[in-house]
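Student: Build me a model:
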Amino acid sequence: MLAFLRPFLPTAALALLIAYSGFHAFTGDRGILASDQRDETLVAKTRELEQVRAQRQDLELRAHLLRDTSLSADLLAERARSLLGFADPRDYVIRMKP
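Tutor: Just a heads-up that it's a prediction; the model follows:
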């Protein structure tokens, strides 16, 4: 019986290898079925990157305005009031919990 099946062994092994590879191509971590999840993750990370870039740009502008070469009086007054807790008598102060 083994002599009868011997010519089909390489074909059967190749078919099993193809089936194994095909199964993992569909269901693996980087398979076709997981591509939707990767796309959603990519979109979410792209949005997060844009938010972080906007926040960084705002912080860089504020840091630039606080330098000696280009001091902004409004920003300096805002930071001084915030840190020292002072306000102009004509200002309306609304206290909020951090």
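
Student: any idea where the helices of this structure begin and end?
Tutor: For the chain, applying DSSP state H gives helices covering 2-5, 9-27, 35-65, 73-84.

Student: Tell me the helices and strands packed up against the shortest one.
Tutor: Read that as helix 2-5. Using 3 or more CB pairs under 8 Å, 6 or more residues apart in numbering; DSSP states H and E as the contact test, no helix or strand touches helix 2-5. (C-beta placed from N, C-alpha, C; glycine too.)

Student: how much distance is there from that helix to the middle of the chain?
Tutor: Distance, stretch centre to chain centre, for helix 2-5: 57 Å (CA atoms, centre = their mean, to the nearest Å).

Student: got the helices of the chain as CSV, with mean neighbour count, distance to Lys97 and mean pLDDT columns?
Tutor: Shown next, in CSV, are these (neighbours: other CB atoms under 10 Å; distance: least, CB to CB, whole Å; pLDDT from 0 to 100):
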stretch, mean neighbour count, distance to Lys97, mean pLDDT
helix 2-5, 7, 79, 78
helix 9-27, 10, 49, 91
helix 35-65, 10, 22, 92
helix 73-84, 11, 15, 78
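
Student: quick one: which of these is nearest Met96?
Tutor: Met96 lies closest, by CB to CB, to one member of these: helix 73-84, at 12.2 Å.

Student: Other residues contacting stretch 56-72?
Tutor: Applying CB atoms under 8 Å, 6 or more residues apart in numbering, the set of residues contacting stretch 56-72 from outside is Leu75, Leu76, Arg79.
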